[in-house]
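**Student:** With the input below, show me the fold.
(one chain, ligands or ions: 1)
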Amino acid sequence: MKILGICGSPRDKSNTELALRVALDEVKKESIETDVVLLGGKKIEQCTHCNLCADGSCPVDDDAKEILQKMTEADGIIIATPTYFADVSGLIKTLMDRTVALRRGGMLLKNKIGGAIAIGASRNGGQEHACMTIIRFMLLHEMIIVSDEKTAHFGGIGVGSSKNKEAVLTDETGLQTIRNIGAKVAKLVKYGIKN
Ligand SMILES: Cc1cc2nc3c(=O)[nH]c(=O)nc-3n(C[C@H](O)[C@H](O)[C@H](O)COP(=O)(O)O)c2cc1C
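**Tutor:** All right, here's what the predicted structure looks like:
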């Protein structure tokens, strides 16, 4: 069993990365292997709708190839994004578009467990909308999506900062929702629906 975390911040050791690692710490408590992909610094070209992926493999030779492979192999995927204009970062959206090859290749993400995390500088900065973009993406891949419990509902929602890349670690309210997402994805992967 493996759960993959994908971080969509272009910044190193960012609020989003730290939040993702908090969620993955919950995964480790269930003795499930974790892996992290940091999209910052990766070379991911835009999908050009060339349609060559109709047979399942994307012809573009860049870092997306390895990431798509990791997504295919994972049992669960947690996508964490900084909130940019009340939505996911461009890095996340560009990767999402490239995963069309996984749909066309035979719904390769079907029934994987998914969770969303969004970090913004404001408490109500559009993180719910960003989470919904991730959730819609996962629905179109026929993944099974977990909610947060009692608090943020749509996913792990944290308050970070433009200037302080560790600010999210002081947002205890947000951290609880982020832990909930990690724990729920892990439990669903490990025990199935009845837990
Ligand atoms: C282009 C851009 C757009 C942003 N838009 C929003 C926004 O709509 N809502 C918000 O709360 N914060 C917004 N922010 C602030 C970031 O979400 C915030 O600084 C977050 O902590 C960045 O995550 P990181 O530390 O993981 O890079 C924006 C930042 C940038 C650079």
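**Student:** And the residue of the chain closest to the ligand?
**Tutor:** The ligand sits closest to G125 of the chain, with a gap of 1.9 Å, by Cβ to the nearest ligand atom. C-beta here means a position set from N, CA and C on the backbone, and glycine is covered the same way.
**Student:** Tally up the residues packed near that residue, please.
**Tutor:** The number of residues packed near G125 is 20, by other Cβ atoms under 10 Å.
**Student:** tell me the pLDDT at it?
**Tutor:** Per-residue pLDDT puts G125 at 98.
**Student:** Setting the sequence-adjacent residues aside, check what's closest to it.
**Tutor:** T83 (5.3 Å; Cβ to Cβ, 6 or more residues apart in numbering).
**Student:** Just the residues contacting whichever strand or helix holds D97, thanks.
**Tutor:** Per DSSP states H and E: D97 is located in helix 90-98. When contacts are defined by Cβ atoms under 8 Å, 6 or more residues apart in numbering, helix 90-98 is touched by residues 6, 8-10, 39-40, 42, 44-47, 58, 60, 64, 67-68, 79, 81, 84, 87-88, 133-134, 137.
**Student:** Narrow those residues to those in strands?
**Tutor:** Taking DSSP state E, the ones among these that sit in strands are 6, 79, 81.
**Student:** What's the local residue count around the first one?
**Tutor:** Other residues lying near I6 total 25 when counted by other Cβ under 10 Å.
**Student:** and whichever helix or strand K28 is part of, what does it pack onto?
**Tutor:** Following DSSP H and E, the helix or strand that holds K28 is helix 15-29. Helices and strands touching helix 15-29, as assessed by 3 or more Cβ pairs under 8 Å, 6 or more residues apart in numbering; DSSP states H and E, comprise strand 2-7, strand 33-38, strand 76-82, strand 113-120, strand 156-159, helix 172-191.
**Student:** could you give the angle of it to strand 33-38?
**Tutor:** Angle of helix 15-29 versus strand 33-38, following axes from the mean of the first three to the mean of the last three Cα atoms, to 10 degrees, is 170 degrees.
**Student:** tell me the angle of helix 15-29 relative to strand 2-7?
**Tutor:** Using the same axes, to 10 degrees: helix 15-29 against strand 2-7 is 170 degrees.
**Student:** What are the contacting residues of helix 15-29?
**Tutor:** Here helix 15-29 makes contact (Cβ under 8 Å, 6+ apart) with 3, 5-9, 34, 36, 38, 76, 78, 80-82, 115, 117, 119, 156, 158, 160-161, 164-169, 174-175, 178-179, 181-183, 185-186.
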